[in-house]
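Chemist: all I have is the shape, not the residue letters:
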Ligand SMILES: Nc1ncnc2c1ncn2[C@@H]1O[C@H](COP(=O)(O)OP(=O)(O)OP(=O)(O)O)[C@@H](O)[C@H]1O
């Protein structure tokens, strides 16, 4: 498998360690100053604090961080299931106001497929329920997607007759059959054994090569983030803040190793009280949150990083 993919529009190929330059196209997803809170009897839990990032069309963007840093909460907020306490989420320039068929999620849990429906019915169901397609069209589209994920022979099977990897392929087919503006994936391969996980990553990248969908992918695994992502947003926990933004595409094996070691350092080193990272000349956001480019050490809020795809000075 190659972790190097044809680049989204606007990306320079001159130096693969340099983050993508701004493209002519607008961001598909914009997350701006996003704070998320959960209210319970015991009080308010702040899951994320003033998180910013942009995702561009056909980009594979990864949210990476330790347990509790708010990755899933961010995904749920983009999905429209959690409302912001502050900040905003824009899709194609329009604020997210709830769930919609333009954002479909694939989760880790194998039980996301209704067990009483066949594989074909599972894939066709959202198309019918959202009135995206007639029953006949939905079944045709479902068959097409099942063949793309290599499950044509299992159209009549029920989820309990499938392996974990096959269930995740059905979930991916079901999501992509809806042709969402953005595919949301929350640790989709975390419950699989290591070999199957690796294979599923390969298959996801092969599907992306064909379809060029926009992907927002959550993981806590550094290796997976570097394999799946074009760019990685590293979050620090309690509450989740942007710690750094990294390039993950076009890396040579030694650059990839170095990037992995940098991520590990940032994840495991104690965060300085000022919120300022000791990794290079890393800037702190207005609220003390760090948003740094690990390739040049500049804050992503620095002028040379006018956007997350911003060019270096
Ligand atoms: N429904 C909820 N009610 C109250 N607190 C919640 C709720 N969901 C999440 N939290 C809290 O919000 C914070 C972020 O949780 P979240 O699940 O988004 O993190 P995560 O990075 O996805 O973690 P993990 O990798 O373990 O799934 C945690 O402190 C968590 O306890």
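Modeler: That came through, no problem. Please read all numbers here as calculations on a predicted model, not as lab measurements. Residues are numbered from 1 along each chain as shown.
Chemist: for the residue in the stretch 101-250 of the chain that the ligand sits nearest to, which residues are in contact?
Modeler: With C-beta to the nearest ligand atom as the measure, residue 220 is the residue of the stretch 101-250 of the chain nearest to the ligand, at 5.1 Å. C-beta here means a position set from N, CA and C on the backbone, and glycine is covered the same way. Residue 220 makes contacts with 64-67, 71, 187, 190, as judged by C-beta atoms under 8 Å, 6 or more residues apart in numbering.
Chemist: from residue 67, how far off is it?
Modeler: Going from residue 220 to residue 67 by C-beta to C-beta, to the nearest Å gives 6 Å.
Chemist: likewise residue 225?
Modeler: Per C-beta to C-beta, residue 225 is found 15 Å from residue 67.
Chemist: more crowded one of those two?
Modeler: Taking other C-beta atoms under 10 Å, residue 225 and residue 67 do not tie; residue 225 has more neighbours (25 against 8).
Chemist: report whether the helix or strand harbouring the more buried one contacts the ligand.
Modeler: Using DSSP states H and E, residue 225 maps to helix 222-228. No: judged by C-beta under 6 Å from any ligand atom, helix 222-228 stays clear of the ligand, getting no closer than 12.6 Å.
Chemist: so which elements touch that helix?
Modeler: Judged by 3 or more C-beta pairs under 8 Å, 6 or more residues apart in numbering; DSSP states H and E, helix 222-228 is in contact with strand 60-65, helix 194-211, strand 215-219, helix 253-268.
Chemist: can I get these in CSV including distance to residue 146, mean neighbour count and mean pLDDT?
Modeler: Output for the helices and strands packed on helix 222-228, formatted as CSV (distance: least, C-beta to C-beta, whole Å; neighbours: other C-beta atoms under 10 Å; pLDDT from 0 to 100):
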stretch, distance to residue 146, mean neighbour count, mean pLDDT
strand 60-65, 23, 26, 97
helix 194-211, 13, 16, 95
strand 215-219, 20, 25, 98
helix 253-268, 33, 15, 94
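Chemist: I'd like these laid out as CSV, including distance to residue 33.
Modeler: Listed next are the helices and strands packed on helix 222-228 as CSV, based on distance: least, C-beta to C-beta, whole Å:
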stretch, distance to residue 33
strand 60-65, 16
helix 194-211, 29
strand 215-219, 18
helix 253-268, 22
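Chemist: please identify which of the ones you listed is closest to residue 161.
Modeler: For residue 161, the closest of the helices and strands packed on helix 222-228 is helix 194-211, at 16.7 Å, according to C-beta to C-beta.
Chemist: hmm, who's touching the closest one?
Modeler: For helix 194-211, contacts defined as C-beta under 8 Å, 6+ apart pick out 1-3, 5-6, 60, 148-150, 163-165, 168-169, 172, 176, 188-190, 192, 213, 215, 224, 227-228.
Chemist: again, only this time at 7 Å
Modeler: 1, 5, 60, 148, 164-165, 168, 176, 189, 192, 215, 224, 227-228 (C-beta atoms under 7 Å, 6 or more residues apart in numbering).
Chemist: cool, and stretch 111-122?
Modeler: Contacts of stretch 111-122 (C-beta under 7 Å, 6+ apart): 125, 139, 142-143, 146, 151, 154-160, 167, 170-171, 174.
Chemist: what comes up buried for that stretch?
Modeler: Using 16 or more other C-beta atoms under 10 Å as the test for burial, stretch 111-122 gives 112-113, 118-122.
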